[in-house]
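Undergrad: Below are the sequence and a predicted model; questions follow.
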Amino acid sequence: MTIYKLGEAAPTIHESVFVADSASIIGNVTLEENASVWFGATIRGDNEPITIGAGSNVQENSVLHTDPGFPLTIEPNVTVGHQVMLHGCTIKEGSLIGIQAVVLNGAVIGRNCLVGAGAVVTEGKVFPDNSLILGAPAKVVRELTETDIANMQRGAATYAERREYYKAQLVRIG
């Protein structure tokens with residue numbers, strides 16, 4: 001893993017966290033217990049703090065960044081899919097951000113939401129809990145069912161298991 005201090009801002013990483021060696025963690029970033037950051041992800045806390053909550057996962061090639069006045073907060077048990085762009089937003093507990101989705105400054109994704117693949121959440125947009133959010137610009141399509149939410153929770157749990165496996169079994173051979 002590549003961990004950088006920037007000025008006086010150094011990342012705070014709980015000992016249980018898995019960070020892939022090709023991921024970059026820069027500046028004012030906090031990774032809470034049992035979080036994971038996968039290959040090629042960049043988390044750059046150079047303007048405002050970035051917090052990744054307990055049990056959350058940031059998947060391959062995602063980029064998390066902030067602008068002045070817009071911290072980035074990911075609450076516990078959130079899944080950030082592959083190649084996602086998060087910029088100065090808040091993702092509440094239990095949500096899933098789909099592959100290649102974009103969430104911009106000041107946006108708030110409620111608890112247990114699913115932001116679909118390729119969605120673009122514009123600046124300052126606030127979505128209620130339990131929403132299926134699709135499109136560009138993104139909008140609520142329907143309320144998620146209990147089954148939908150349970151499926152998202154299983155996905156987050158799978159990444160928690162993968163985190164443990166990778167921490168114990170991953171060995172670089174080249």
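TA: Okay, I see it. As the structure is a computational prediction, the values presented were derived from the model and not from experiment.

Undergrad: what's in contact with stretch 77-84?
TA: 53-64, 74, 86, 91-103, 117, 152-153, 155-156, 159 (C-beta atoms under 8 Å, 6 or more residues apart in numbering). Where you see a C-beta, it was placed from the backbone N, CA and C, and this is true even at glycine.

Undergrad: In the chain, where is pLDDT below threshold?
TA: Scanning the chain for pLDDT under 70 picks out the ranges 1.

Undergrad: So which of the contacts of stretch 77-84 are in strands?
TA: Asn57, Val58, Val63, Leu64, Ile74, Leu86, Ile91, Leu96, Ile97, Val102, Val103 (DSSP state E).

Undergrad: Out of these, which two sit at the greatest distance?
TA: Within the ones in strands among the contacts of stretch 77-84, Asn57 and Val102 form the most distant pair, 18.2 Å apart (C-beta to C-beta).

Undergrad: thinking again about what came up before, can you redo the ones in strands among the contacts of stretch 77-84 as a markdown table with neighbour count?
TA: Shown next, in a markdown table, are the ones in strands among the contacts of stretch 77-84 (neighbours: other C-beta atoms under 10 Å):
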| residue | neighbour count |
| --- | --- |
| Asn57 | 26 |
| Val58 | 31 |
| Val63 | 17 |
| Leu64 | 25 |
| Ile74 | 29 |
| Leu86 | 28 |
| Ile91 | 29 |
| Leu96 | 25 |
| Ile97 | 30 |
| Val102 | 21 |
| Val103 | 30 |
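
Undergrad: In JSON lines: these, plus distance to Val17.
TA: Shown next, in JSON lines, are these (distance: C-beta to C-beta, whole Å):
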{"residue": "Asn57", "distance to Val17": "10"}
{"residue": "Val58", "distance to Val17": "11"}
{"residue": "Val63", "distance to Val17": "18"}
{"residue": "Leu64", "distance to Val17": "15"}
{"residue": "Ile74", "distance to Val17": "13"}
{"residue": "Leu86", "distance to Val17": "18"}
{"residue": "Ile91", "distance to Val17": "18"}
{"residue": "Leu96", "distance to Val17": "20"}
{"residue": "Ile97", "distance to Val17": "19"}
{"residue": "Val102", "distance to Val17": "25"}
{"residue": "Val103", "distance to Val17": "22"}
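
Undergrad: between those, which is nearest Pro11?
TA: Once C-beta to C-beta is applied, the member of the ones in strands among the contacts of stretch 77-84 that ends up nearest Pro11 is Leu64, at 12.2 Å.

Undergrad: My read is that the closest one contacts Ile43, right?
TA: Yes - when contacts are counted by C-beta atoms under 8 Å, Leu64 is listed as touching Ile43 (4.5 Å).
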